[in-house]
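Visitor: Take this sequence and fold it.
(chains A, B, C and D)
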Protein chains: 2
Amino acid sequence: MAEEIPGVERCEFIHVHEDIVKRVTEAMPGEETLYDLADLFRIFADSTRIKILYVLYESEMCVCDIAQLLGMTQSAISHQLRALKQSKLVKYRREGKTVFYSLSDDHVVTILAQGMEHIEE
Amino acid sequence: MAEEIPGVERCEFIHVHEDIVKRVTEAMPGEETLYDLADLFRIFADSTRIKILYVLYESEMCVCDIAQLLGMTQSAISHQLRALKQSKLVKYRREGKTVFYSLSDDHVVTILAQGMEHIEE
DNA sequence: AAAACATATGAGCAATTGTTCATTTGTTTG
DNA sequence: CAAACAAATGAACAATTGCTCATATGTTTT
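Guide: Numbers count the residues shown, from 1 in each chain, chains lettered A, B, ... in the order given. Prediction:
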C-alpha cells in the first residue's frame, strides 16, 4: 500500500496522526486478499445469483428446477451456478442425469441478511 | 417471479415438491429489493472501495489522506466515495475546505468480516 | 449402440464499470 | 475580490460482465 506512484498529486500535509497511519497500514489485509474479497462480493453483485441463493436457501434443487422457478434459461442458470460453485458458495451432488445444488455454508445467509438489513433502513 | 417467458425450454417435470415451490416464491423478496441488494454488494465488489472502507474503519479521514494512504489520485477516491456515499455506507462532515468521511454503520464491518471468514476457509 | 435428457461450456455481443484527464464547485486566506 | 487549495464532477476509454445461441459432455433407457 501507499507505494510511490508518480503523478499522484498530494495535499500539503497529511491530516491524520502518525499512529493512525501506522494502524491503518498494519490492519489492512494484503493486496491479494483484498482482490479475493472483492471477487467474492462480485458474486453477490448480481440479482440472478442472489435469486439462486435465495432459492437454494429454501431447498436443495437441480439446475432445471431453478431455471423454471426463476423463469430463465437452463444455460443462464448453469453459467451462474458455475460462478457460485467456483467461489464455494454452493456445492453440488450428482444423481443420475440430474445435478442437485445447495448452499455450502451459512456465510451466504449471514451476508445476505446483513445486506438486507442495510438496505431496509 | 416465474412468469411465462416464451422460448424458455423446460424439463419435463419439476423435481421439487409443491410446498417447496410455494415457500420459495413466498420467501423471495420482490424484484426491486433484489436489485437494491445486488447494487449494495456491487459496492463491495471492488478492491479500491474495500480499501477505503478498511481505512475508514480505523479512523475518520479526509479525501486527500485516503488518496495518499492508498497511493491513488484524489479524483479516483472521490468518485469511489460518491458511490459509497450513495449507498449510505459512509457519511461525511465538512470542516472548512476539508471533507471528513467515516463509516455510517456497522453492517459494513459485519459484511466485510463475513466475507473474510468465507475466503479464509 | 442409439436416442433422449440434464447439464456444462465456448464464442459473441450489448451493457456496465473503474480509472484518467480536464474542469468546476466550494471554502478559506491574503 | 483574487489566489490557493480541497473536493466533486463529466467525458472518454479499456476492461469486464451477463446473457443468448449453438454445441459438447455425461448419464440413463431402450
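Visitor: buried ones in the lowest-mean-pLDDT helix or strand in chain A?
Guide: Least confident helix or strand of chain A, by mean pLDDT, DSSP states H and E, is helix A:18-27 with a mean of 86. Across helix A:18-27, burial judged by 16 or more other Cβ atoms under 10 Å in any protein chain shown covers A:Ile20, A:Val21, A:Val24. For the C-beta atoms, the positions are set from N, CA and C on the backbone; glycine is no exception.
Visitor: now stretch A:66-85
Guide: A:Ile66, A:Ala67, A:Gln68, A:Leu69, A:Leu70, A:Met72, A:Gln74, A:Ile77, A:Gln80, A:Leu81, A:Ala83, A:Leu84.
Visitor: cool, and stretch A:100-111?
Guide: For stretch A:100-111, burial by neighbour count (16+ other Cβ under 10 Å) applies to A:Phe100, A:Tyr101, A:Leu103, A:Ser104, A:His107, A:Val108, A:Thr110, A:Ile111.
Visitor: Can you give me the end-to-end span of it?
Guide: 23 Å (Cα to Cα, to the nearest Å).
Visitor: doesn't A:Cys11 fall inside a helix?
Guide: No. Read with DSSP: H, G, I helix; E, B strand; the rest coil, A:Cys11 is coil and lies in no helix.
Visitor: tell me which element the residue lying closest to it once chain neighbours are set aside falls in.
Guide: Nearest residue to A:Cys11 in three dimensions, chain neighbours excluded: B:Cys64, at 3.8 Å (Cβ to Cβ, 6 or more residues apart in numbering or on different chains). In this assignment (DSSP states H and E), B:Cys64 forms part of helix B:63-70.
Visitor: Residues contacting that helix, please?
Guide: Residues outside helix B:63-70 that contact it (Cβ atoms under 8 Å, 6 or more residues apart in numbering or on different chains) are A:1-2, A:8, A:10-11, A:14-16, A:21, A:24-25, B:48, B:51-52, B:55-56, B:61, B:73-74, B:76-78, B:81, B:98-99, B:101.
Visitor: same deal with stretch A:84-95?
Guide: By Cβ under 8 Å, 6+ apart, stretch A:84-95 touches A:39-40, A:43, A:49, A:52-53, A:56, A:81, A:99-105, A:108, B:118, B:121.
Visitor: same check, this time on stretch A:29-48
Guide: If you take Cβ under 8 Å, 6+ apart as the criterion, stretch A:29-48 is touched by A:1, A:28, A:49-50, A:53, A:70, A:72, A:76-77, A:80, A:83-84, A:87, A:89, A:111-112, A:115, B:31, B:34-35, B:37-39, B:41-42, B:44-47, B:50-51, B:54, B:112, B:115-116, B:118-119.
Visitor: For it, buried residues please.
Guide: Buried residues in stretch A:29-48, counted by 16+ other Cβ under 10 Å: A:29, A:34, A:36-48.
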